[in-house]
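Engineer: Got a predicted structure here, sequence first:
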Amino acid sequence: QVQLVESGGGLVQAGGSLRLSCAASGRTFSRYALGWFRQAPGKEREFVGRINWSGGVRSYTASVQGRFAISRDNAKNTAYLQMNSLRPEDTAVYYCAVEGDRGWGNWGQGTQVTVSS
C-alpha cells in the first residue's frame, strides 16, 4: 500500500514558480503511474498531469502545458510538480495520486497553492 504526502505549496506572485513534492511510503511506488490534480474553491477536482512508472512518458492538461513539469525519482520515492509562470487561476489545493487497476487512488492530503495577482 502506497501512502502519499504532498508538500511545497505556498503563496506566490503571478509569474512566479513553485515546486511541489509528493513523497511516497511503501516499496511499490515505482510500479505506478502518478498523477497531479488540483481543486479550486467551489470547483471539482481536475487533472493536471500524469507521469508513467519510469518517468519516460508525461502528459498534461492544456492549461498547464509548457508551464508545469512532472518528474519523479523512484530511488527517493518522490515525485515533483514544477510550476512556472504561475497565474491566479492556478490557485488551488494540489493533490497527488497513484494509478491502480481501479483508477486513481491513495490520495494525499493536498497542499495549498495561492497565486496573487
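Structural biologist: All right, it came through fine.
Engineer: Counting by contacts, list what the helix or strand bottoming out on mean pLDDT in the chain packs against.
Structural biologist: Across the helices and strands of the chain, mean pLDDT, DSSP states H and E gives its lowest value to strand 103-105, namely a mean of 93. On a contact count with 3 or more Cβ pairs under 8 Å, 6 or more residues apart in numbering; DSSP states H and E, strand 103-105 meets strand 92-100. (C-beta placed from N, C-alpha, C; glycine too.)
Engineer: Could you name the helices and strands sitting against the strand it packs on?
Structural biologist: For strand 92-100, the packing partners by 3+ Cβ pairs under 8 Å, 6+ apart come out as strand 3-7, strand 18-25, strand 33-39, strand 78-83, strand 103-105, strand 111-116.
Engineer: could you give the angle of the first one to strand 92-100?
Structural biologist: Orientation of strand 3-7 against strand 92-100 (axes from the mean of the first three to the mean of the last three Cα atoms, to 10 degrees) gives an angle of 150 degrees.
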